[in-house]
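Chemist: Coordinates for the following, if possible.
(3 chains)
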Amino acid sequence: MSLIVAAFGFGLVSMSIIAISAVGFTMQFGITNMINLAYGQVMIASAYAAYAVNNAGVSIWLALPVAAVFGALFSFLLNRLVYAPFQRKGTNLIGMVIISLAVSLVIANVMLPIVGYYSVSYHQNPGTTYHLGSIAVTGEQLAIIGVAVVVMLAIHALLRLTRLGKAMRATAANPTLARNCGIPTARVIDLAWLITGALCGIAGAVAGMNSDSFSVASGSEFLIPIIAASILGGAGSPYGAMIGAVIIGEMTEISAAIISPEYKQVVAFAVLVLVMVLRPQGLLAKRGALAAAG
Amino acid sequence: MTYYLTTILVYAAVDILACLAISLQFGVSGIVNFSFIIFQAAGAYTAAVLSLPRDTANGGFQNYILGLNLSFPLPWIAATVVGAVIAVPIGLVALRRLRSDYQAIAMLVLSVIASLVVTNTPAFLGGAAGLSLVPQPLSDKFNPYSDSYQWAFTIGALILAVIVFFLVQRVINSPYGRSLRAMRENEAAANALGKNAVALKMTVFIAGGAIAGLSGAILVGFITIWAPSTWLYPETLILFAAVIVGGRGNNYGAVLGALLVPVGFEEATRYIPPFGPPGLIPALEWVCIGGLILGFLWFRPRGVLPERRRVFPPRRQVAEVGNPSASRD
Amino acid sequence: MLASHHRVGKGAGVLFATLSIGLAACGSPTTGGGSPSSSPLLIGVIAPFTGADAALGPAYFAACLPAARAINNAGGVMGHMVSCQEFDTRGEPADAVPAAQQMVASHSNLMAVVGCTSDEAASVAPILNQAHIPMFCMTGQSEFNKTTLTYFHRLVPPDEFDAFAMVGSALDHFNYKKVALVFGNDIGSQAFVGPAMTALQHLGATVTINQAIALGQPSYRTEVTAMLATHPDVIFTEALGPTDATYMAEVKQLNNGVMLPFMGTSATIDPVWFKAVTGAVGVQTVVDKFTAVDLGVSFSGPGYDEFKTNLDAVASQFPAAPTYSQRGATLHLYDGIMQAALAMDETKSTDPTVYNPVIRDVGNGVAGSTTVNTYAAGVAAIKNGQKVRWVGAGGPTNYNQYNNSQQGYILVRYDASGNEITIGTLTQAQTAAIIAAGGG
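Modeler: I've put the predicted structure just below:
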């Protein structure tokens, strides 16, 4: 029993990391129609950017904004130089997915000779371990959860309270109509990529902090839970992604406690399959919102 | 050199079958099945556990179910059937009224789940180590290491690919194929005309699954090994890239795509001359593969051989009904 | 409409043909011009260089470069210079097959092949055997314990022997009684679990928990908590990539900053593993708490010195090469290449069907053979009409009838710079005794 409670505590950290990354991923999908399979690679690249700074003696918390900026710029350029031109050429949705796969191959294998095949770790101090019953969290993990909460609130504020957020929601719902209403969709999309790219960068650095060791190959490992959480919550819905992250994060850890560590991912994803069967558009998407326009 | 040639030809046959299956499911009826590799894997595993002897053989270092030591062609037929059968539950999940790319990614996760389940259940299909020492077809009668066997296998595989190609061509050019395309282009209209979209899609899905299962059986019969590392989710995407680069919606495009991407790009890049520290060239090979896909899609976004738009001439030409070119699609 | 269809098809066909011919044409790695005696020989390194196991290929390449250098400095193999080339299997058997076939098809001057790991050996070894290419493989899989492939040579013991050595060390050297097994769920690592459990149970110890962990996960905290709750004396582990680093860091965190003793297989004696784990748990923790079993090499003597000298010298080509100076695989593959080269010198032949059977003799020695530790010495002895036995970087070889060789284990720990320090040994005889007692 205490193992399950402990697992619940670990799940809080897992869900925080998945939440930050899934919200960015799902917003890229919602606002720009792009399933960005290179997202995991951008996360790792940002994690390495933070590592470069951290290795030079800077504290990991100061390196975190470096990762955010790196992720923002990288994602912005990715869209401007690769995705948007292909979309303008009329490449269909599936073609864009294939393109993002090709991009992820290129990124991963350009990184490999540069950073090497080594696994690296940040120089970090985990801080004291706090115990709450069977739950054990370090100071650093609490900080990570804090970062996730701040990011979620910021996204919420952005989407609900700012004009940019309204413009993003309008562009996500119907880009043509948005443009006709005078919303500068091109600029909105640029900003969307910058913001989601920053989320991607933060998520990469935080994932690197939490896992204590990462390598180029970790990029594709990160991607699957992110996709699962996004779909679970309803593709394109940031709040859905947050809920999806909570579910995937907790299910992963708790099933490792109850069943066995080998199946922890299987159970989490099986929940996804169940949702796909019962409510295929995800938890938060409105029924009919995603019509078969394939 | 011979064996490299036969290897490439067999891989071409397998990839052609896989791309035809995808083309059928995706190109003709618009189902984006990103769990595709499951079907090929299921076929391969089926053929393997039916051809292998009991798992206590060969020193007992493997662990798997069945092991019936059946001889060719039973394992291959069974593989095709299994591919068709598992298409049913997966199809029921896949055939929802959803945006294609969103649904596609959900299917991708399905293939990850399958991979995880097999990897973590060692007693089922060998776990992470997979299955090895799979007997090749008719290897008890002929020496599988002889040139003649290798060529016979290769030609057999290519013949199967050609047969399936013609079967699929017949389907596409039949009234049934026209129903499928109508359903893809405008499902509401097709439904209004009395075509049952779901039943049509399901049938096509099952057919694609069967072909994929056969491709898996051929591959495992050739390389005698099958492990989870062989069917990770990017494999599906490489095959989709092949179909899209080649041209969706038509079989010539699928064949060309199969020859270009999994065979052409992946093999040609092995010829990049070596330089630099170890690992540089292999990484560069993957960069080239990704770059080639991007390049082809940039210059020919609809594929090298895009689907022809079928325009039906007006009824006035009924007098020329005996003219073969007027009635051909 | 039909005409444009054909034009498109033709254009694409021409493009594809030009592309592949162009790529094939510029890929002729060995310049074969000149008289036959000056045509170079090639050693193929076939292993994963990309993908999840990308760290393995370079470790084996680091065996080829010093071997080639030593051979070339002594005049080559009967005047032929030797070079190394990598062939990426991309970490899975379906990609390994065309890689091996392409290697064989495009290079008629292959003298030997090294590498072939557990990821792909089962599919690659038969291909190389059929092509009559002597191979030295790094796979611990049991299916090769009694192989019928005559060109197959294995200078590392099967994985199960590692497991028995770990058990022996834990029980005899350290008196541990309760063991937690934490192994990655991939092919190479799971092979240890069964033999370890059998041996431990037969020898009276307890397995407190057996965890097969998925590689590369961001966190294993739940697994670690479950493991800590069973209070083991020691953790046996092999989980490559960042996995061991992540897991062990979390053990330390969740155990109030105190690390448990942990013991690794021979694959954990590797600069990449050392860098990953020390980065995550700190160098001192690894020095204090970590031990491993490694293949029984002494890292000293003229054979090892020759290897090390050449290894350091090739840093200009491969900067990370010197870090592999104590990697068992690197040492043994270097020895394999030397054995093949000396076999060619002895038989005065570049035909593998002639020199392959002699590799055994060069490794085990025959009556009246001279032991040599450097290639130059070997060439000189052969010129004098003698037969040679190669004892090189990895020590003496003992091929059994299946061309498998193993010479006992050493128990080691790391020092702060990542060097191996031997703290105990298990001879061949002792290992055999544990195997027998452990029901192997």
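Chemist: Look up how far residue C:50 lies from the closest residue to chain C within the stretch 151-300 of chain B.
Modeler: Closest to chain C within the stretch 151-300 of chain B is residue B:271: 3.0 Å, counting by CB to the nearest CB. For glycine as for every other residue, the C-beta is placed from the backbone atoms N, C-alpha and C. Going from residue B:271 to residue C:50 by CB to CB, to the nearest Å gives 16 Å.
Chemist: the more surrounded of those two?
Modeler: A direct count of neighbours by other CB atoms under 10 Å in any protein chain shown for residue B:271 and residue C:50 places residue C:50 higher, at 25 against 19.
Chemist: Sticking with that one, tell me its helix or strand.
Modeler: Following DSSP states H and E, one finds residue C:50 outside all helices and strands.
Chemist: ok, it touching residue C:89?
Modeler: No. Using CB atoms under 8 Å, residue C:50 makes no contact with residue C:89, being 9.2 Å away.
Chemist: can you list the residues of the stretch 151-300 of chain B near chain A?
Modeler: Counting by CB under 8 Å from any CB of the partner chain, the stretch 151-300 of chain B comes close to chain A at B:187, B:234, B:237, B:240-241, B:244, B:276-277, B:279-280, B:283-287, B:289-291, B:293-294, B:297-298.
Chemist: where do the helices sit along the stretch 151-300 of chain C?
Modeler: Under the criterion DSSP state H, counting those that start in this stretch, helices of the stretch 151-300 of chain C are mapped to C:159-168, C:187-190, C:193-202, C:221-228, C:243-254, C:271-281, C:283-289.
Chemist: do the stretch 201-329 of chain B as well
Modeler: Under DSSP H, counting those that start in this stretch, the stretch 201-329 of chain B gives helices at B:233-246, B:251-258, B:266-268, B:280-299, B:324-327.
Chemist: Now do the SS call for the closest residue to residue B:233 other than its chain neighbours.
Modeler: Nearest non-adjacent residue to residue B:233, counting by CB to CB, 6 or more residues apart in numbering or on different chains: residue B:111, 5.0 Å away. Three-state call for residue B:111 (DSSP: H, G, I helix; E, B strand; the rest coil): helix.
Chemist: other SSEs contacting the helix or strand that contains residue A:137?
Modeler: Per DSSP H and E: residue A:137 is located in strand A:135-138. Contacting strand A:135-138 under the criterion 3 or more CB pairs under 8 Å, 6 or more residues apart in numbering or on different chains; DSSP states H and E are the following elements: helix A:2-32, strand A:129-132.
Chemist: Tabulate these (TSV), appending mean neighbour count, distance to chain C and mean pLDDT.
Modeler: Shown next, in TSV, are the helices and strands packed on strand A:135-138 (neighbours: other CB atoms under 10 Å in any protein chain shown; distance: least, CB to the nearest CB, whole Å; pLDDT from 0 to 100):
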stretch	mean neighbour count	distance to chain C	mean pLDDT
helix A:2-32	25	4	91
strand A:129-132	12	7	82
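Chemist: among those, which is nearest residue A:280?
Modeler: Residue A:280 lies closest, by CB to CB, to one member of those: helix A:2-32, at 15.9 Å.
Chemist: can you tell me which residues contact residue C:345?
Modeler: Contact analysis of residue C:345 by CB atoms under 8 Å, 6 or more residues apart in numbering or on different chains lists C:77, C:78, C:378, C:379, C:382.
Chemist: coming back round to it: distance to residue C:407 added to the helices and strands packed on strand A:135-138, as JSON lines?
Modeler: JSON lines is the format used below for those (distance: least, CB to CB, whole Å):
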{"stretch": "helix A:2-32", "distance to residue C:407": "44"}
{"stretch": "strand A:129-132", "distance to residue C:407": "45"}
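Chemist: looking at those, which is closest to residue B:218?
Modeler: Nearest of those (CB to CB): helix A:2-32, 37.0 Å.
Chemist: what angle sits between the closest one and helix C:221-228?
Modeler: Interaxial angle of helix A:2-32 relative to helix C:221-228 (axes from the mean of the first three to the mean of the last three CA atoms, to 10 degrees): 170 degrees.
Chemist: Which elements pack onto helix A:2-32?
Modeler: Counting contacts by 3+ CB pairs under 8 Å, 6+ apart, helix A:2-32 packs against helix A:39-55, strand A:135-138, helix A:139-161, helix A:163-173, helix A:185-211, helix A:218-233, helix A:238-258, helix C:221-228.
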